[in-house]
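# Got a predicted structure plus its sequence, pasted below:
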Amino acid sequence: MGVRLAVLPDPRGRRGRRHGLASVLLAAACAVLAGARSYVAIGQWARHAPQDTLARLGFRARGPLGMRVPASPSTVRRVLALVCPGGLADLLGHDPAATESVAVDGKSARGSRTDTAPAAHLLSAVTAAGRTVSQLRIPDKTNEITGFTALLAPFDLTGTVVTADALHTQREHAKWLVEVKNAHYLLVVKGNQPKLHAAVKALPWKEVTARRYDRETGHGRRETRSVRALTITGLGLDFPHVTQAAKIHRHRTDVKTGRITRETVYAITDLPARSASPQTIGRITRSQWGIEAVHHMRDTTFGEDASTIRTGHGPENMATLRNLAINTLRDTGHRSIAAGLRETSYTPFTRPLDLLGLA
């Protein structure tokens with residue numbers, strides 16, 4: 001990781017620069033892995049770090065005693081507000097070509113809202129395994145449509161299924177994924193596309209024999225899901241490259257309260273029946289719901305919505321550090337990110353560095 005950080009351009013002027021960019025960013029990444037939620041907390045972690053930790057982070061020895069001095073909270077704030085968010089997001093290190101599907105969705109960092117500017121809105125791409133591939137800050141939710149291709153353009157998506165909610169069920173998105181990126185799509189269809197939604201809803205679902213049922217218990221609820229898939233080639237559905245439609249019904253029961261909720265979702269895909277059975281469609285659809293779990297984790301475990309970081313690129317760069325922490329903990333076998341953070345916090349000046357592979 002240090003090698004990749006070394007190629008990032010330093011946005012600071014040369015005059016008065018005491019610490020290397022890579023050292024400051026590595027310290028921030030380690031502090032967030034140890035539970036830090038703010039610039040001040042990152043600075044406190046660095047201030048209490050022992051000399052051997054500072055040496056592993058690359059902070060230079062100074063003075064006659066050769067003591068290493070870490071970056072201050074003000075330096076951390078300045079660097080994270082200025083450094084290129086795209087370059088930092090590239091460090092997340094997960095290749096979408098190595099996974100079955102990638103989900104795209106947006107999230108606002110609510111605490112970053114000011115009297116004169118809206119909250120930072122971040123569009124993310126997350127693998128089926130819950131690893132964030134990249135993220136892009138866009139002006140607001142309505143700009144997610146234009147941000148879709150910019151977010152995914154740098155990656156090889158050959159053979160990968162891209163899933164997205166109804167906002168991204170756009171003809172141009174489907175054509176771009178299939179014709180330009182050699183990828184596939186599974187897109188949700190809702191009322192924002194009234195004609196398409198009505199056409200999909202009117203398909204002969206009662207006659208469908210290709211079905212899949214799944215039952216799951218966890219997170220305080222019992223859930224039953226049914227997926228019906230229908231080949232629609234020749235049925236006149238006007239959407240680029242579409243070959244199948246799916247009807248997904250979710251039946252949830254809250255174990256504690258007994259409350260029952262039901263939801264029916266329609267989706268379309270260019271994947272033919274031989275490549276995407278109802279079981280496969282159900283699995284890929286759950287990966288789209290998984291991105292919501294990552295967003296929820298950033299809010300509840302890392303306090304993202306409560307964060308008042310607002311200046312410059314700070315909101316998206318801190319979100320990237322949180323994504324990096326989640327990716328790292330998942331890669332090392334932690335199913336519970338909260339438990340992983342607690343375990344890391346017990347040895348805060350060694351374990352984060354070990355997890356990030358810092359010698």
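That came through, no problem.

# What residue, apart from its backbone neighbours, is nearest the residue most central in space within the chain spatially?
Nearest to the mean C-alpha position of the chain, counting by Cα atoms, centre = their mean, stands Thr132 at 3.8 Å. Excluding the flanking residues, the one nearest Thr132 by Cβ to Cβ, 6 or more residues apart in numbering is Asn323, at 3.9 Å. Just so you know, the C-beta spots here come from the backbone N, C-alpha and C atoms, and that holds for glycine as well.

# model confidence over the strand or helix carrying that neighbour, on average?
Under the criterion of DSSP states H and E, Asn323 resides in helix 314-331. Helix 314-331 carries an average pLDDT of 94.

# And for that helix, what's in contact with it?
Defining contact as Cβ atoms under 8 Å, 6 or more residues apart in numbering, one finds that helix 314-331 is touched by 28-29, 32-33, 39, 77, 80-81, 83, 85, 88-89, 91-94, 109, 112, 120, 122, 124, 129-132, 135, 137, 294, 297-298, 302, 304, 307, 309, 337, 340-341, 344, 355-356.

# if you set the cut-off to 7 Å instead, what comes out?
For helix 314-331, the surrounding residues in contact (Cβ atoms under 7 Å, 6 or more residues apart in numbering) are 28-29, 32-33, 80-81, 83, 85, 88-89, 91-92, 94, 109, 112, 120, 122, 130-132, 135, 137, 294, 297-298, 302, 304, 307, 309, 337, 340, 355-356.

# do the same with stretch 212-221
Residues external to stretch 212-221 that are found in contact with it (Cβ under 7 Å, 6+ apart): 223-227, 252-256, 278-279, 282.

# Same question for stretch 181-201.
157-158, 160-169, 174, 177, 237, 239, 245, 265-271, 281, 284-285.

# With stretch 148-161 instead?
Defining contact as Cβ under 7 Å, 6+ apart, one finds that stretch 148-161 is touched by 96-97, 99-102, 104, 123, 125, 133-134, 136, 162, 168, 173, 176, 181-186, 271, 284.

# Of these, which belong to helices?
Among those, the members falling in helices are 173, 284 (criterion: DSSP state H).

# out of the contacts of stretch 148-161, which are buried?
Listed as buried from these are 96, 99-102, 104, 123, 125, 133-134, 136, 162, 168, 173, 176, 181, 183-186, 271, 284; burial here means 16 or more other Cβ atoms under 10 Å.

# What is the burial count for the residue nearest to Thr132?
A total of 27 residues lie near Asn323 under the criterion other Cβ atoms under 10 Å.

# again with the one 10 residues further on
Applying the criterion other Cβ under 10 Å, we find 7 residues in the vicinity of Gly333.

# what about it, distance to Thr350?
As defined by Cβ to Cβ, to the nearest Å, Gly333 lies at a distance of 18 Å from Thr350.

# Show me how far the helix or strand containing Asp52 is from its chain's centre.
Asp52 is part of helix 51-57 when elements are defined by DSSP H and E. Taking Cα atoms, centre = their mean, to the nearest Å, one finds the center of helix 51-57 at 30 Å from the center of the full chain.

# Okay, buried residues for that helix please.
In helix 51-57, counting by 16+ other Cβ under 10 Å, buried: 53-54, 56-57.

# What of stretch 156-173?
Using 16+ other Cβ under 10 Å as the test for burial, stretch 156-173 gives 157, 160-170, 173.

# Name the nearest of the residues you listed relative to Gly290.
Nearest to Gly290 among these, counting by Cβ to Cβ, is Thr163 at 9.6 Å.
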